[in-house]
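A.B. asks: would you be able to build a 3D model of this:
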Amino acid sequence: MIYTVTLNPALDIYIEVPHLQVGTVNLAARLRKVWGGKSLNVARTLKSLGAPCAAMGIACGAAGEELVKGVLQEGIEADFVRAGGETRTNVKITDSAAGVTTDVNQIGPFVPQSALDGLWERLRARVREGDVVALCGSLPKGAPEGIYGEWAEKLQALGAVVALDASKAALSRGLSARPDVVKPNLFELSELAGREISSAEDALSACASIAAAGVGLVALSLGKAGALFVTGRERVYVPGVAVKVHSTTGAGDALLAGLLFALNRKEALSDAAAFSVAVSAAHVSTPPGESLSMERVGELLARIRQRMDRAELKDAF
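C.D. replies: Numbers count the residues shown, from 1 in each chain. Coordinates of the predicted model:
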């Protein structure tokens, strides 16, 4: 079983505008409401891939109740602790002509320690040896910065495989637990390294340093340029593939979902890496909230494999 943990979920409102013009009136060509947050995006992709998964987290107020209902309506098992306040709302504006998405995210409600403790107890009671747990996303107000690291250590002691996808202190402190998988983007890797990562050599060096510190696999998402996968012994670069973009929001979450799905099937790293990039590309070319087409994933995977042998990481920078 794969569990996704969302401490700060959201109602994501996706607005598509043909040519976004700042400071004037824009007419929306499409508007969709999707229950999200990084871990819920991972769960939605896993569901599309046919993987057994359960979404766990904290739901606040009336918006939180609607969130849980929405998750269940998508056919995803939901196990959420309730708390006060209101689950946040995020707005994602995509300029369809430019293929660029602008995110405007709320911080989210204050979550008391009692709710965090309650969620941990539910998670601890469910996880079995060999299960996978994805700890993803921002922390709500009230959550300790080191909570992901603390939970990762406890989960690994239970025999679970732990994936971490966060930013700022939640990521840096979470690394101390030596998660099995970490998925930063280029900006987050630069924050960890304390310098701008602007070349293939820098990226390889920074990822290798994280792996050398005990992290099992570093999956560096590079947007449309693909992704770099680094372990203590392997280096795999997977180039991106050109697609028509509906929204880039959640592309990294889809990549992580594809990676966990493939690794959970014991695929070799090179195969799992290529599959995850194909899933991410399929995600950005699918309207928000709609299920991925496995036929589409297969088509993109074939195109990616054709390019892998001659692709070079330096071309991503």
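A.B. asks: spatially central residue in the chain, please.
C.D. replies: Residue closest to the average C-alpha location in the chain (C-alpha atoms, centre = their mean): residue 253, at 2.4 Å.
A.B. asks: go ahead and confirm it touches residue 37.
C.D. replies: No. Counting by C-beta atoms under 8 Å, residue 253 stays clear of residue 37, with 9.1 Å between them. The way it works is simple: take the backbone N, C-alpha and C, and place the C-beta from them, glycine included.
A.B. asks: now do the shared contacts for these two.
C.D. replies: Both residue 253 and residue 37 are in contact with residue 136, where contact means C-beta atoms under 8 Å, 6 or more residues apart in numbering.
A.B. asks: quick one: the strands in this structure?
C.D. replies: 2-6, 10-17, 30-36, 53-60, 77-83, 88-95, 100-104, 132-136, 161-165, 181-182, 217-221, 226-230, 235-239 (DSSP state E).
A.B. asks: which residue packs closest to the residue nearest to the centre of the chain, ignoring adjacent ones?
C.D. replies: Leaving out its chain neighbours, the residue that sits closest to residue 253 by C-beta to C-beta, 6 or more residues apart in numbering is residue 41, at 3.6 Å.
A.B. asks: lowest-confidence helix or strand of this protein?
C.D. replies: strand 30-36 (a mean of 87; mean pLDDT, DSSP states H and E).
A.B. asks: partners of it in the sheet?
C.D. replies: The pairing partners recorded for strand 30-36 under DSSP bridges are strand 10-17 (antiparallel).
A.B. asks: so residue 203 touches residue 235, yeah?
C.D. replies: No. Residue 203 is beyond contact range of residue 235, at 10.4 Å (criterion: C-beta under 8 Å).
A.B. asks: joint contacts of these two?
C.D. replies: Common contacts of residue 203 and residue 235, defined by C-beta under 8 Å, 6+ apart, comprise residue 228.
A.B. asks: neighbour count: the two, which is higher?
C.D. replies: Higher neighbour count among residue 203 and residue 235: residue 203, with 25 against 14, using other C-beta atoms under 10 Å.
A.B. asks: could you report the distance from the nearest residue to the more buried one once chain neighbours are set aside to residue 164?
C.D. replies: Using C-beta to C-beta, 6+ apart and skipping the chain neighbours, the partner closest in space to residue 203 is residue 197 (5.3 Å). Distance of residue 197 to residue 164, given as C-beta to C-beta, to the nearest Å: 19 Å.
A.B. asks: quick one: which of those two has more around it?
C.D. replies: When residue 197 and residue 164 are compared on other C-beta under 10 Å, the one with more neighbours turns out to be residue 164, at 26 against 23.
A.B. asks: ok, what's across the strand from the more buried one?
C.D. replies: Beta-bridge pairing for residue 164 (DSSP bridges): residue 135, residue 182.
A.B. asks: shouldn't it be in contact with residue 151?
C.D. replies: No. Assessed by C-beta under 8 Å, residue 164 is found out of contact with residue 151, at 9.7 Å.
A.B. asks: overlap in contacts, the two.
C.D. replies: With C-beta under 8 Å, 6+ apart as the test, residue 164 and residue 151 both reach residue 135.
A.B. asks: residues contacting stretch 181-192, please?
C.D. replies: 161-165, 167-168, 171-172, 174-175, 196-197, 203, 206-207, 210, 215-223, 252, 255-256, 259-260, 263.
A.B. asks: now do stretch 204-214
C.D. replies: With C-beta under 8 Å, 6+ apart, stretch 204-214 has contacts from 175, 178, 182, 189, 192-193, 197, 217-218, 220, 228, 230-232, 235, 313.
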